[in-house]
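1. fold the stuff below for me.
(chains A and B)
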Protein chains: 2
Amino acid sequence: MCQPRACGGRRGQRREKGMVDLVDERVRDGVAQEAVQAVIAKLSSHFGNRLSVGQAVREQHANTITWLANEAPDAVVFVESTEEVQFIVRACAQHDVPVIAFGSGSSLEGQINAPRGGISIDLSRMNRVLSVHPEDLDCVVEPGVTRKQLNEHLRDAGLFFPIDPGADASLGGMASTRASGTNAVRYGTMKDNVIALTVVLANGEVITTSRRARKSAAGYDLTRLFVGAEGTLGIITNLTLKLSGLPEAVSAGVCAFPTIRDACDAVILTIQSGLPIARIELLDEVQVRACNAYSKLDLAEQPTLFVEFHGTEASVHEQAERFGEIAAEFGAGAFTWETRPEDRTRLWQARHDAYWACLPLKPGAKALATDVCVPLSRLADCVDETKRDIEEMGMIAPIVGHVGDGNFHTVTLVDMDDPHDVAKAKDFIGRMVKRALAMGGTATGEHGVGQGKRKYMEAEHGAATIDAMRAVKAALDPRNIMNPGKILP
Amino acid sequence: MCQPRACGGRRGQRREKGMVDLVDERVRDGVAQEAVQAVIAKLSSHFGNRLSVGQAVREQHANTITWLANEAPDAVVFVESTEEVQFIVRACAQHDVPVIAFGSGSSLEGQINAPRGGISIDLSRMNRVLSVHPEDLDCVVEPGVTRKQLNEHLRDAGLFFPIDPGADASLGGMASTRASGTNAVRYGTMKDNVIALTVVLANGEVITTSRRARKSAAGYDLTRLFVGAEGTLGIITNLTLKLSGLPEAVSAGVCAFPTIRDACDAVILTIQSGLPIARIELLDEVQVRACNAYSKLDLAEQPTLFVEFHGTEASVHEQAERFGEIAAEFGAGAFTWETRPEDRTRLWQARHDAYWACLPLKPGAKALATDVCVPLSRLADCVDETKRDIEEMGMIAPIVGHVGDGNFHTVTLVDMDDPHDVAKAKDFIGRMVKRALAMGGTATGEHGVGQGKRKYMEAEHGAATIDAMRAVKAALDPRNIMNPGKILP
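-> The predicted structure follows:
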């Protein structure tokens, strides 16, 4: 299925047949190569062995997870400061060479690919927690700090950072893709938990987007313009993040439902009733089976909700009781409560490993994770129709989701050597997005657009909105060097 | 102090001496007048008597509340649809005539002034609640709907919209100024409660910024780019808003503290301890005295906190108890609990009337409300130093604030006929902003920038950030027709 790139066959880069539409957007190879070599020469003398042009390193810094082709950058630089990022961006700007920010490489829509080549800036060594302000419930970190590293750092202070995508992603990457996760229903997404950013712009200037105050009405909200921009408007080199106090009491549980619609309806009523639930995650029976096998659980293989409550002892007890009443209304079976912290950790680790748990369901297959998000009132319809589609197509595609926000994922298992299987999966994802859009939803709740979902952007937003996004992009990056080929169709 | 405008003396417009720095930015009067007349002629034939050029109407559509000069537009059009807004913007774009959106006229920093003349679009007749989706906890409204009107509409559905600036502002205006209010500590600001917007851009195109799903990672966050942009990037003609369920139980109370620092420290500890308090408002002893007189209360004239808890009966009881313990640590006196809904309403009405309550403290004076916001850890310092400044200057300037967010206001009473008094107040506000910035804070937590705080923007953000904001502005409004002379210095 994979073959050398059609045009020029740059070192080690591979291109999938379906991706030929991207070729037109690349700068001509001759020009690019000359400019790229000039930049590499300049960076090489500055960064020494922190610059790599080795094929393995370059390929590690492009897409490795999804079905999108691995489109490696021309070089990777391991940076250690904002000034170094600035140095690279200035060098690239001078020669119109693309710059791609790299955090931990866990993005799912090809956000780190280099379809036009260029320089990948690896920010993983910028991994210092610079300050924690317990009184203000905030902290300042470098972009390479991962979410688990930060929470490890915060634990003794009784604080935590609630955003938890499946992977142990870098916080710069999480901001750039507007990540969320299982806690979003209570604590919001990256949009809600970033207070301020330091960003290196395409012109090499360094800006800070906001002060450390909790709220401000002082000018344009540049913070949220860069959150979710996937590095196409600038490179985040420093983040001020909102923290939460570790809850005094936590209670987590699991319960199974007769049908997926019952489970969804229980979610809808829970949210409507204003229960401040911290986590409410849906796994369909296929996903439960996969998790049982992968994570050594023994759950009933039925549509299941994983839930968690945060608060005081009394309020957690009250929330659990109320949720129990709601669940019972929709035919839920007995609850399994995880009272010990280590059992809760095991439960949520299983949830976070859902992606990996799917792989053995179809040995040799690739797992294509995709997500959509719909208004809560349409959740049951959307999940139901998607599930029917999966069955009709005879696919293996477990469903798992942060359903308190109306957000769910399918993990489609695809034999990448079977063109028919690939085409079927692509069509399925296209229908899933179309279905979500028709229900007032979005093509992606949390994975972002990258390369994989660019083609849906106009259907989602309309041409005039895309034009406005293009105008903003052109204003901040007139030469289109910041992660080109992403987000905008 | 007020005098006719220096250049041209457009009908009825008045300009304050300190505002002469704005003159340079106006288009030349000759050109403007010709263009303006062409636009008025075109609009007049389209809108008939829904267009007004009368002096009284024009002056009502410019700043009337603060010390900024009233700079009236050349005409006012009362619109009834997005298409009509589009028609006006297109006509103005064709002739490079400014367009200023008008909601309810309650903004505090001159956001609705027309320093270059132009057309004021009065959106108050676009006041329909278009749909309420109780299952999704959201609604769709026209921009002229006011917050009280919306909450009246929602009451029977058991829902409410929590953002409550002092005035009964329009929701379009509240989005445009990134308003917040007493509930922000629990429910966030407009930034957090707007899901999607319809906006008429400077090029006359109509865009929608997002879908109705609760979260999305699909492209640039245009929603939050327009929230807080004060109509300088486009005109909001439709809003999808997040709603909250009316709490099952509410408990509100008042308690006095020995010093303002004790009150602030009680706030800091409350927030740090993770208590999900719904409202926590500070009034200094001067403001309490004013409220006692204006709203017929009989509170002890000491630094005082107004607090409110939302939740279930049990959780509200628990929260109140915990807060009581914290308050006692800082020497709080006995609590007065308002258990009856009408007493709570009276209490919060008094808080919302704080601005008006100040006026009788210095008969004949104008009340200049300003706000800053600092990280919570600096709140006590900032309020303390501000209070000392007020005393040293011998001014009357009650302090009142949404202190759970580190946000507080002074309402300075100024004799506008006494240049010395005016200068003193201006210097005081300048020092207050400088103090907040030095503490990591912002020049405005919720009033916005308008004309009044433009001069602090570079000190707050830095030149490179302001350049980035300018680039965004130029991208979406290249001819600078959307509310010119606001936000950007």
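2. domain parsing for chain A?
-> Per the record, chain A has its domains at A:2-122, A:129-245, A:249-355, by automatic domain parsing.
3. any chance of the ones you listed in JSON lines, plus distance to residue B:75 and mean pLDDT?
-> C-betas here are computed from N, CA, C, even on glycine. As requested, these are arranged in JSON lines below (distance: least, C-beta to C-beta, whole Å; pLDDT from 0 to 100):
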{"stretch": "domain A:2-122", "distance to residue B:75": "46", "mean pLDDT": "82"}
{"stretch": "domain A:129-245", "distance to residue B:75": "28", "mean pLDDT": "97"}
{"stretch": "domain A:249-355", "distance to residue B:75": "46", "mean pLDDT": "94"}
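4. save these as JSON lines, and put in distance to chain B and mean neighbour count too.
-> Below are those laid out as JSON lines (distance: least, C-beta to the nearest C-beta, whole Å; neighbours: other C-beta atoms under 10 Å in any protein chain shown):
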{"stretch": "domain A:2-122", "distance to chain B": "9", "mean neighbour count": "20"}
{"stretch": "domain A:129-245", "distance to chain B": "4", "mean neighbour count": "23"}
{"stretch": "domain A:249-355", "distance to chain B": "4", "mean neighbour count": "19"}
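5. mind checking these for the one nearest to residue B:430?
-> Of all the domains of chain A, domain A:129-245 sits nearest to residue B:430, with 15.0 Å by C-beta to C-beta.
6. how long is that closest one end to end?
-> The separation between the terminal residues of domain A:129-245, taken as C-alpha to C-alpha, to the nearest Å, is 18 Å.
7. gap between that domain and the chain center?
-> Taking C-alpha atoms, centre = their mean, to the nearest Å, the mean C-alpha location of domain A:129-245 is offset from the chain mean by 14 Å.
8. residue A:418 and residue B:73, how far apart?
-> Distance of residue A:418 to residue B:73, given as C-beta to C-beta, to the nearest Å: 66 Å.
9. before we move on, back to that, nearest to residue B:197, of the domains of chain A?
-> Proximity to residue B:197, assessed across the domains of chain A by C-beta to C-beta, is greatest for domain A:129-245 (12.8 Å).
10. hmm, residue A:182 is touching residue A:350, no?
-> No. With contact defined as C-beta atoms under 8 Å, residue A:182 does not count as touching residue A:350 (11.7 Å).
11. can you show me the helices along the stretch 101-250 of chain A?
-> Assignment of helices within the stretch 101-250 of chain A using DSSP state H, counting those that start in this stretch yields the ranges A:147-154, A:171-176, A:184-187, A:190-193, A:222-226.
12. helices or strands up against the first one?
-> With contacts defined as 3 or more C-beta pairs under 8 Å, 6 or more residues apart in numbering or on different chains; DSSP states H and E, the packing partners of helix A:147-154 are strand A:129-133, strand A:138-141, helix A:171-176.
13. and those as a markdown table, adding distance to residue A:97?
-> Converted to a markdown table, the helices and strands packed on helix A:147-154 look like this (distance: least, C-beta to C-beta, whole Å):
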| stretch | distance to residue A:97 |
| --- | --- |
| strand A:129-133 | 30 |
| strand A:138-141 | 28 |
| helix A:171-176 | 20 |
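14. and of these, who's closest to residue B:377?
-> Nearest to residue B:377, of all the helices and strands packed on helix A:147-154, is strand A:129-133, at 6.4 Å by C-beta to C-beta.
15. what residues are up against the residue nearest to residue A:107 when sequence neighbours are not counted?
-> Spatially, and ignoring its direct neighbours in sequence, residue A:107 is nearest to residue A:177 (5.7 Å; C-beta to C-beta, 6 or more residues apart in numbering or on different chains). Counting by C-beta atoms under 8 Å, 6 or more residues apart in numbering or on different chains, residue A:177 touches A:107, A:111, A:190, A:228, A:230, A:446-448, B:217.
16. farthest-separated two in those?
-> A:111 and A:190 (13.9 Å).
17. quick one: residues contacting residue A:352.
-> Going by C-beta under 8 Å, 6+ apart, residue A:352 touches A:164, A:166, A:182.
18. and of the helices of the stretch 101-250 of chain A, who's closest to residue A:284?
-> Closest among the helices of the stretch 101-250 of chain A, using C-beta to C-beta: helix A:184-187, at 18.6 Å.
19. ok, which stretches of the stretch 301-450 of chain A are strands?
-> A:304-311, A:336-338, A:366-373, A:399-402, A:407-414 (DSSP state E, counting those that start in this stretch).
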